[in-house]
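Visitor: Let's see this in three dimensions:
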Amino acid sequence: MLISQSQSSTHRALACCDILEELFQHLQAGADSESRLTLSRLARVWRTFNAFFTRKLWATLPSIDPLLRILSALQVVETEQLAEEYVLTRPIKSDEWSRCLYLASFVRCIEGASSRPAVSSVWLYIAMLLGEKPLLPSVRELYWEVVSSTSAELALLVSPSLRHLSLTFKDFDQYQDHWTTGLLALLRNIVPRATNLSELHLYDLQTDDLSSVISPVGSLHQLTTLEVHGAIVDLHVLETLSRMTSLSDLTLLIELDDDSDPKFCGFPSLKRINITNNSVSAGEIIKVLATFRSKTVIDFAFNNGGGSWSSQQLLAVCRALTKRCPMLERLAATICMPGSDDLAATIAPLNGLRSLRDVELKLTGRLGAPMKYADPLFLMLAASWPCIVSLRLLSDYSDGHVSPLILLAFANACPDLRELCIPILDLPLDMVMGDVSTFPLRDHGLKIMRVQFPSEEIDDDKIFALILDRLFPNIDIDASLAPVPALHSGEWDRVLDEALKYCQLVRRNREPETDANKT
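Guide: This next block holds a predicted model:
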């Protein structure tokens, strides 16, 4: 809000520059030759700076309001709902209209919705003045709220220069008969005018017939990013999207019939896909993967936190994911399933994804069936993902025993690892009584180390911290203390904030002495 107010004040102040320039010109008439020369030079400099700052200032607007305020024929009135809106009180003056068009030509981005929307008659009048020309001929980014299925303003604002369009649909009843028809007409008006659009984001798009509505989008041949929230994507919509040759980034909510299988393959350029369902089924994930013709996907995200999978269903998804996305670099998944005694075998197919760099797996379950963890799982992951940079494996309920030997495996096999978050870790008695030199000194670059449920068996914090410091001397304690979904995070905080901090302090004090002895 403060930023918007500041920009509005600056817009009003800059409008005064023209007045000052005219004053200089009037002063010239009655001044001597030297003064006239000085003032004329000052006026030229002023015009240069005025043009430069005008271009800069009007390049990005918080809303369409600064342009509408230029037109004195538009007045703000209060509606019956105590909201404010622009209404047309008289014909727009030609000089004000010319200035509005001049400044509108500099606009590259509209960042948000207007706090005072204009009634439809205002936009119809502006459309008459514009003819076939767009109001914003140079706009590249537009963020807009659609408040009516018959909104006419969008067709005036978009132009072939537009690259990024974000629409939020407000206060619509998806069951109204005219809503889908109006929405289809709206997109049909926009698409021919925004032929070079590369990003389209649709929020709160409430419709039961997305297949009809989305059809105009299929003709956007340069579209690379499509994000749809609020409307369900079925096989018909998926088939339409699969034919878009430039589409590389896709976010959607899917619902696929159990009885139907995709009979098409496409998405030749797809690299990132995010399925936003709260309870997507394993079968739906496998069907979506089956529609990928190429193996270019590097980023896959899905959410099953509201449903429940069996171990066999998770195994099937892992197999399909490895087969269809062999070059995957990022995997983010929330999976609800009962506790598993052999999670390593269930997700073993993911071992083939050697290019993985960022993995976040959230395994949710129930109190009576915790997820069980052991060393073999983490030893397998360390050996399978040599390029991993960030690994976050989280659980609501955890059980089992995981020793610091897994840390040694990650230190040896994953040189690029910078963030490691694991559900459970403990320190067996034989390690407390043993020699910490079993863990060699490493100059590993790990920065963030978190444990959700550190075992209560970690009785000797100093030994545990010493192991950490030997393997990972670059751990950022403050970053590692950041909140993590856990029941006993205080245990881990104590290890880091007290024992590890002491180890780091002692080591850093010794390093200058070691360097001095070497010289």
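
Visitor: helix, strand or coil for Lys362?
Guide: strand (DSSP: H, G, I helix; E, B strand; the rest coil).

Visitor: ditto for Ile232
Guide: The assignment at Ile232 comes out as strand when based on three-state DSSP.

Visitor: what about it, distance to Gln206?
Guide: Here the criterion is CB to CB, to the nearest Å. By it, Ile232 lies 10 Å from Gln206. C-beta here means a position set from N, CA and C on the backbone, and glycine is covered the same way.

Visitor: Asp497 reaches Ile477, doesn't it?
Guide: Yes: at 6.5 Å, Asp497 and Ile477 qualify as touching, with contact defined as CB atoms under 8 Å.

Visitor: which residues are common contacts for those two?
Guide: A shared contact of Asp497 and Ile477, defined by CB atoms under 8 Å, 6 or more residues apart in numbering, is any residue touching both; here there are none.

Visitor: Skipping adjacent residues, who's closest to Val107 in space?
Guide: Distance criterion CB to CB, 6 or more residues apart in numbering; nearest residue to Val107, sequence neighbours excluded, is Leu136 at 5.1 Å.

Visitor: so how far is Lys287 from that neighbour?
Guide: Computed as CB to CB, the Leu136 to Lys287 distance reads 41 Å.

Visitor: so where's the stretch 151-300 of the chain shaky on pLDDT?
Guide: Along the stretch 151-300 of the chain, the model assigns pLDDT under 70 to residues 171-177.

Visitor: Please state the offset of stretch 406-420 from the chain centre?
Guide: In terms of CA atoms, centre = their mean, to the nearest Å, the centre of stretch 406-420 is found 27 Å from the chain centre.

Visitor: Flag every buried residue along it.
Guide: For stretch 406-420, the neighbour count (16 or more other CB atoms under 10 Å) marks Ile406, Leu407, Leu408, Ala409, Phe410, Ala411, Ala413, Cys414, Leu417, Arg418, Glu419, Leu420 as buried.

Visitor: which one of these sits closest to Ala374?
Guide: Here the nearest of the buried residues of stretch 406-420 to Ala374, counting by CB to CB, is Ile406; it sits at 9.5 Å.

Visitor: The closest one sits in which helix or strand?
Guide: Using DSSP states H and E, the element containing Ile406 is helix 405-413.

Visitor: Put the alpha carbons of that helix into CSV.
Guide: These are the backbone C-alpha positions of helix 405-413, laid out as CSV (Å, rounded to 0.1, in the frame of the first residue of the first chain):
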residue,chain,number,x,y,z
LEU,A,405,27.0,-43.7,9.5
ILE,A,406,24.6,-42.4,7.0
LEU,A,407,26.2,-39.0,7.4
LEU,A,408,29.5,-40.4,6.4
ALA,A,409,27.9,-42.0,3.3
PHE,A,410,26.5,-38.6,2.2
ALA,A,411,29.8,-36.9,2.9
ASN,A,412,31.6,-39.4,0.7
ALA,A,413,29.1,-39.9,-2.1
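
Visitor: Tell me the helices and strands packed up against it.
Guide: Helices and strands touching helix 405-413, as assessed by 3 or more CB pairs under 8 Å, 6 or more residues apart in numbering; DSSP states H and E, comprise helix 375-384, strand 419-425, helix 461-471.

Visitor: Pull up the distance across stretch 111-125, start to finish.
Guide: Stretch 111-125 has an end-to-end distance of 24 Å (CA to CA, to the nearest Å).

Visitor: just use 26 as the starting number from now, easier for me
Guide: In the new numbering, first residue 26, that becomes stretch 136-150.

Visitor: Need the contact partners of it.
Guide: Contacts of stretch 136-150 from elsewhere in the structure, counted by CB under 8 Å, 6+ apart, are 85-90, 93, 99, 101, 109-113, 117, 166, 168-170, 172-173, 175-178, 181, 193.

Visitor: Neighbours of Asp283, how many?
Guide: Neighbourhood size, Asp283 [other CB atoms under 10 Å]: 9.

Visitor: do the same with Leu149
Guide: The number of residues packed near Leu149 is 13, by other CB under 10 Å.

Visitor: For the host helix or strand of it, the averaged confidence score.
Guide: Leu149 is part of helix 145-155, with elements assigned from DSSP H and E. Over the span of helix 145-155, the pLDDT mean works out to 92.

Visitor: just to revisit the earlier point, if you compare the helices and strands packed on helix 430-438, which one is most tucked away?
Guide: Burial among the helices and strands packed on helix 430-438, expressed as mean neighbours by mean count of other CB atoms under 10 Å, is greatest for strand 444-450, which shows a mean of 23.

Visitor: So what are the sheet partners of it and their directions?
Guide: Strand 444-450 pairs in its sheet with strand 415-420 (parallel), strand 473-479 (parallel), by DSSP bridges.

Visitor: Distance to Cys134 for those - can I get that in a markdown table?
Guide: What follows is these, written out as a markdown table (distance: least, CB to CB, whole Å):
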| stretch | distance to Cys134 |
| --- | --- |
| strand 415-420 | 32 |
| strand 473-479 | 35 |
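
Visitor: and those as CSV, adding mean neighbour count?
Guide: What follows is those, written out as CSV (neighbours: other CB atoms under 10 Å):
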stretch, mean neighbour count
strand 415-420, 21
strand 473-479, 24
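
Visitor: rank those by pLDDT, which is bottom?
Guide: For the strands paired with strand 444-450, mean pLDDT drops lowest on strand 473-479, to a mean of 84.
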